[in-house]
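> the following block contains a protein sequence and its predicted model.
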Amino acid sequence: MRKMRRAFQQLDTDESLSILEKSTSGTLACLDNDGFPYAVPLSHVLVDGKLYFHGATIGHRIDAVNANPKVSYCVIDQDEVIAETLTTHYRSVIAFGRARMLSDVTEKRIALFKLGQKFAPGLTDKTIEEIDRFIDAVSVMELTIERLTGKEALELKKARQS
Ligand SMILES: Cc1cc2nc3c(=O)[nH]c(=O)nc-3n(C[C@H](O)[C@H](O)[C@H](O)COP(=O)(O)OP(=O)(O)OC[C@H]3O[C@@H](n4cnc5c(N)ncnc54)[C@H](O)[C@@H]3O)c2cc1C
């Protein structure tokens, strides 16, 4: 496994997971059928240490992931440009792992419900209605994380430690 060069800027696993938990979107990087990296923004939910995404049942992402399930997913937690010091106070997380499309309807329903609870808390009835209506038209992708790293600008690290 590749080590972070500036390890003192690394977040621990719990901090990285908590960023995945609270953030709403990130960029999925996959390798498409033509050998190009395809980086596509998505919304996610973290459930029991796995990431779940929903979307159409066809498209560039589906083709790419079906051809090569190895992916990574990057979330930017903070990006505050500090012009005076020619830098940015950043914090981000990258998860590497394998993606699979859920085929089991119960698994799909649970993941879609978790997405609904995260993005529209309180709209439980509407969420269930939508799941019932669109369950066959929606795909759900599960990303099992094999490697998770988080990194933040030195300034943020120092500020948190003081
Ligand atoms: C913050 C954010 C959250 C999103 N959340 C979701 C989500 O949860 N689920 C979901 O399905 N979609 C989401 N989208 C839209 C998503 O980025 C894709 O547009 C969508 O999933 C279709 O992807 P595809 O590969 O099937 O598209 P296709 O239409 O098959 O892609 C064909 C081509 O269109 C272009 N393209 C596709 N998407 C984009 C894009 N976003 N920006 C620029 N060019 C693009 C690419 O060149 C691609 O090769 C989100 C977008 C943003 C910005």
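Yes, it's here.

> now Gly150: phi and psi?
Reported as degrees, to the nearest 10, the phi and psi values for Gly150 are phi -130, psi 150.

> for it, give me the pLDDT.
pLDDT recorded at Gly150 is 98.

> I figured it was touching Ile19, is that so?
Yes. Between Gly150 and Ile19 there is a contact under C-beta atoms under 8 Å: 6.2 Å. The C-beta positions use only the backbone N, C-alpha and C, and glycine is treated the same way.

> how close does Gln78 sit to the ligand?
According to C-beta to the nearest ligand atom, to the nearest Å, Gln78 stands 16 Å off from the ligand.

> what residues does that residue make contact with?
Contact analysis of Gln78 by C-beta atoms under 8 Å, 6 or more residues apart in numbering lists 89-92, 152, 156.

> who does it bridge with?
For Gln78, the beta-bridge partners are Arg91 (DSSP bridges).

> can you give me the helices for this protein?
13-22, 60-67, 105-119, 124-134, 154-161 (DSSP state H).

> appreciated, that's everything.
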